[in-house]
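Asker: Could you look at this predicted model? Sequence included:
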Amino acid sequence: SQQGEEDPQALSIQEGENATMNCSYKTSINNLQWYRQNSGRGLVHLILIRSNEREKHSGRLRVTLDTSKKSSSLLITASRAADTASYFCATDARNQGGKLIFGQGTELSVKP
Amino acid sequence: KAGVTQTPRYLIKTRGQQVTLSCSPISGHRSVSWYQQTPGQGLQFLFEYFSETQRNKGNFPGRFSGRQFSNSRSEMNVSTLELGDSALYLCASSRDPTSDTQYFGPGTRLTVL
């Protein structure tokens, strides 16, 4: 079963614009991760934020986590056509070992 | 360091057959997890192996099974294939079950006709 939902399901923007994706989850977590998937291929790990962190940056990526609202957001700044992909959040829920629970994903299209 | 490799990359089977998929983790990684991805259900956890032992199992029927070998390589098997088993099967590895980040392979695309 899915941990939560991602919103929007699809997002289309122009190159250079910022893209924001949101993720909600249901149970308490150890950490939350974001992954990217290009057209039916494997997932690429982007960034991990721990439950005691509120914000994290990696290059053009900014992730926030609000554990009181059980939500996270991923911001991609100055997007490029190469950022076109599906983005998934995944939680490593407490007491569930190494199991990752994924959201449904946001399909991002960046037009040149 | 080589990434996670999965074989075969594509597979076509007919209903009722069985299939075995293989995953070789990153060198030094001893934990392997399997996930099924379908358009309808999204990414769902199948099972996790560490030290040749299954640690966790998702909500899938007994037709789905797996194992891990002493060199950490893992296989999953699906018996009596159904049309609904058509999916992308992804393998992920990490150093151990407590590692936060999992590294995914390219997946095996299984089509059941």
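Answerer: In hand now; what should we look at? Residues are numbered from 1 along each chain as shown, chains lettered A, B, ... in the order given.
Asker: And the contacts of the helix or strand bottoming out on mean pLDDT in chain A?
Answerer: Among the helices and strands of chain A, strand A:5-7 carries the lowest confidence by mean pLDDT, DSSP states H and E, at a mean of 83. The contact list for strand A:5-7, computed with CB atoms under 8 Å, 6 or more residues apart in numbering or on different chains, reads A:M21, A:N22, A:C23, A:S24, A:Y87, A:F88, A:C89, A:G103, A:Q104, A:G105, A:T106. All C-beta atoms are positioned from the backbone trio N, CA, C, and that covers glycine.
Asker: change it to 7 Å
Answerer: Contacts with strand A:5-7, where a contact means CB atoms under 7 Å, 6 or more residues apart in numbering or on different chains, come from A:M21, A:N22, A:C23, A:S24, A:C89, A:G103, A:Q104, A:G105, A:T106.
Asker: Wait, B:L90 touches B:Y35, no?
Answerer: Yes - counting by CB atoms under 7 Å, B:Y35 is a contact partner of B:L90 at 4.5 Å.
Asker: quick one: A:D92 from A:L32, how far?
Answerer: Distance of A:D92 to A:L32, given as CB to CB, to the nearest Å: 8 Å.
Asker: Tell me the strands beside the least confident helix or strand of chain A, with direction?
Answerer: Strand A:5-7 sits in its sheet next to strand A:19-24 (antiparallel), going by DSSP bridges.
Asker: tell me the mean pLDDT for the helix or strand following the strand it pairs with?
Answerer: Sequence-wise, the next helix or strand downstream of strand A:19-24 (DSSP states H and E) is strand A:29-37. For strand A:29-37, mean pLDDT rounds to 92.
Asker: What number of residues are in the vicinity of the closest residue to A:D92 other than its chain neighbours?
Answerer: Take A:D92 and drop its neighbours on the chain: the residue closest to it by CB to CB, 6 or more residues apart in numbering or on different chains is A:N30, 4.9 Å away. When counting by other CB atoms under 10 Å in any protein chain shown, one arrives at 16 neighbours for A:N30.
Asker: likewise the one 5 residues further on?
Answerer: Other residues near A:Y35 number 25, with proximity taken as other CB under 10 Å.
Asker: Against B:F50, how distant is the residue nearest to it when sequence neighbours are not counted?
Answerer: By the measure of CB to CB, 6+ apart, the closest residue to A:Y35 outside its immediate chain neighbours is A:L43, 4.2 Å from it. As judged by CB to CB, A:L43 and B:F50 stand 20 Å apart.
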